[in-house]
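**Student:** need a structure here:
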Amino acid sequence: MPRDAIPVSGDGPGRRGRRLTRAASVASLLLAAGSARAEPDLVDAARRVPGLVTEIRYAGRHNFVGRPIAGYEAPLCLLTPAATAALARAQAALEPDGLGLKVFDCYRPLRAVADFVRWARDPADVAGKAEFYPDLDKGDLFRLGYIAERSAHSRGSTVDITLVERATGRERPMGTPFDLFGPRSGEGAALSDEARANRARLREAMSAAGFMPYAPEWWHFTLRDEPHRTQGFDVPVRAPVP
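**Tutor:** Numbering: from 1, shown residues only. Reported below is the predicted structural model:
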């Protein structure tokens, strides 16, 4: 296991009913064993992608909830090795243009997703409305897909990301800030020529490296051939053990 790898424990299969036959018990054990073999080793992408800039928003207070989110114990970009390698390809492709990548979120524990859900169901907590969802009612965030009870981030191969200038670290204009919930963040939004070109350049680099975009959010990309399509994980985001 590489020094910056973190072993992750996944969710075990649920068991229902008062009795299990011997065959069912054996099947359950085999399923659990298969799940254990599928557990990934998440790595610190910033150690493996030269020049990658990180600003992990959910580890701090500058996010739509306004506080650190459950499960974020360190401001790290943890990803599966496959997603990390793809991110490195995208970063290398942008280098000749003097551009690079900045990540806002990577692997997201299941407990963090649950924290978002609890926040979304509290109509009184609207402290971040002016910055993050000025044109939407908080009660509509579920219906419109901006908050969900399951997240691709929990599988370890999804990133929230933008373009920066390598020389200065300045973010390139994208038409909206990261995590601005609303139609302006999605495909087909009315944008300046510069913002449209920047979104296209980001999408081009990420797609060529193996990621798929998410139409409602210009910053959201998931590895096309992600290794854990059906399994989320709940280890906290924390520094690797040396």
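**Student:** which residues does the closest residue to F211 other than its chain neighbours bridge with?
**Tutor:** Of all residues not flanking F211 in the chain, F221 sits nearest, at 3.9 Å (C-beta to C-beta, 6 or more residues apart in numbering). Every residue, glycine included, has its C-beta placed from N, CA and C. With DSSP bridges as the criterion, F221 is bridged to V159, P213.
**Student:** and F221, how far is that from A114?
**Tutor:** F221 sits 23 Å away from A114, going by C-beta to C-beta, to the nearest Å.
**Student:** before we move on, the earlier item: who's in contact with the residue nearest to F211?
**Tutor:** T158, V159, I161, M206, F211, M212, P213, Y214 (C-beta atoms under 8 Å, 6 or more residues apart in numbering).
**Student:** In those residues, find the pair that's most separated.
**Tutor:** Spatial extent of the contacts of F221 (C-beta to C-beta) is set by the pair I161 and M212 at 12.9 Å.
**Student:** More neighbours: which of those two?
**Tutor:** Higher neighbour count among I161 and M212: I161, with 26 against 16, using other C-beta atoms under 10 Å.
**Student:** Next, the contact list for that one, please.
**Tutor:** With the criterion set at C-beta under 8 Å, 6+ apart, I161 makes contact with L101, K102, V103, F104, L202, M206, W219, F221.
**Student:** does it count as helix, strand or coil?
**Tutor:** strand (DSSP: H, G, I helix; E, B strand; the rest coil).
**Student:** Over to G100?
**Tutor:** Per three-state DSSP, G100 ends up strand.
**Student:** before we move on, the earlier item: quick one: which of the contacts of F221 is nearest H228?
**Tutor:** Comparing the contacts of F221 against H228 with C-beta to C-beta places T158 closest, at 10.7 Å.
**Student:** For R155, give its distance to R47.
**Tutor:** 21 Å.
**Student:** quick one, which of the two is more surrounded?
**Tutor:** A direct count of neighbours by other C-beta under 10 Å for R155 and R47 places R155 higher, at 24 against 15.
**Student:** I'd like to know how far that one sits from T222.
**Tutor:** For R155 relative to T222 (C-beta to C-beta), the value is 8 Å.
**Student:** give me the low-pLDDT residue ranges for this structure?
**Tutor:** 1-40, 240-242 (pLDDT under 70).
**Student:** in the chain, which spans are helices?
**Tutor:** 22-37, 45-48, 81-94, 110-120, 129-132, 193-209 (DSSP state H).
**Student:** now those helices in TSV, with distance to L144?
**Tutor:** Listed next are the helices of the chain as TSV, based on distance: least, C-beta to C-beta, whole Å:
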stretch	distance to L144
helix 22-37	32
helix 45-48	29
helix 81-94	26
helix 110-120	11
helix 129-132	13
helix 193-209	20
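**Student:** Of all those, which one is nearest F178?
**Tutor:** helix 129-132 (9.4 Å).
**Student:** how about the closest one: buried residues?
**Tutor:** F132 (16 or more other C-beta atoms under 10 Å).
**Student:** Just the CA atoms of that helix, as CSV, please.
**Tutor:** Below are the C-alpha coordinates for helix 129-132, written out as CSV (Å, rounded to 0.1, in the frame of the first residue of the first chain):
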residue,chain,number,x,y,z
LYS,A,129,-29.1,31.8,0.7
ALA,A,130,-27.7,35.2,-0.6
GLU,A,131,-24.5,33.6,-1.8
PHE,A,132,-25.3,30.1,-2.8
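**Student:** Give me the distance between that helix and the centre of its chain.
**Tutor:** Relative to the centre of its chain, helix 129-132 is centred 20 Å away, using C-alpha atoms, centre = their mean, to the nearest Å.
**Student:** how deep is A209 tucked in, by neighbour count?
**Tutor:** Neighbours of A209 under the rule other C-beta under 10 Å: 21.
**Student:** Touching, it and A83? I think so.
**Tutor:** No. When contacts are counted by C-beta atoms under 8 Å, A209 is not listed as touching A83 (9.7 Å).
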